[in-house]
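Asks: Whatever this is, show me its structure:
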Amino acid sequence: MWHSTTILGLTVKGQTALGGDGQVTFDDTIMKHTAQKVRRLADGRILAGFAGASADAFTLFERFETKLEEFNNNLPRAAVELSKDWRMDKYLRRLEALLAVMDAHHALILSGNGDVIEPDDGVVAIGSGAPYAMAAARALIGNTKMNAEQVVRTALEITADICIFTNKDITIEVL
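Replies: Residues are numbered from 1 along each chain as shown. Reported below is the predicted structural model:
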């Protein structure tokens, strides 16, 4: 499990949102409160967030953008191809991060073990606060009339109240 962050993404009522907190820790010390762990790719049509080592995540974002260009922004295909490279390449295999990527139709989690996971309910969560954020999001989706952005924000705020590696400096990108 990757610590020191929470990334949560989902689609509700045709709106897709991916959010993350801003906390960066080093061992048991908070080093930064306002990190940006979520970004837009493919001319704003794809959202991506990371948990893990920042430098590794930026390397993966660059590689993923290349795969998206190569496969005409086909998210599932680009994700599979990146995961294959990530697992097979001597350099990439040492990268310590997870990615959550989304478009209007797909929500995926990518790992260096070759995993490309598309949850049945379309809720993706990575990082140390992932279980809390996922539980809160599922409860909110099933019991409120909130849109995707509101669910992500509220679930991440709930997570920040529980997980010591998650803060309330939240960045959310919406499609």
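
Asks: Partner strands of the lowest-mean-pLDDT helix or strand in the chain, with direction?
Replies: One helix or strand of the chain scores below all others by mean pLDDT, DSSP states H and E: strand 24-26, with a mean of 83. Listed by DSSP bridges, the sheet partners of strand 24-26 and their directions read strand 29-32 (antiparallel).

Asks: For the helix or strand following the strand it pairs with, give me every contacting residue.
Replies: With elements assigned by DSSP states H and E, the helix or strand that comes after strand 29-32 is strand 38-41. Contact with strand 38-41 is made by 7, 18-20, 46-49, 61, 64-65, 68, 101, 171-173, as judged by Cβ atoms under 8 Å, 6 or more residues apart in numbering. Just so you know, the C-beta spots here come from the backbone N, C-alpha and C atoms, and that holds for glycine as well.

Asks: Please state the mean pLDDT value computed over the helix or strand following strand 38-41.
Replies: Proceeding N to C from strand 38-41, the next assigned helix or strand is strand 46-52, under DSSP H and E. The predicted model gives strand 46-52 an average pLDDT of 93.

Asks: What helices and strands are in contact with strand 46-52?
Replies: When contacts are defined as 3 or more Cβ pairs under 8 Å, 6 or more residues apart in numbering; DSSP states H and E, strand 46-52 packs onto strand 6-12, strand 15-20, strand 38-41, helix 54-70, strand 97-102, strand 124-127.
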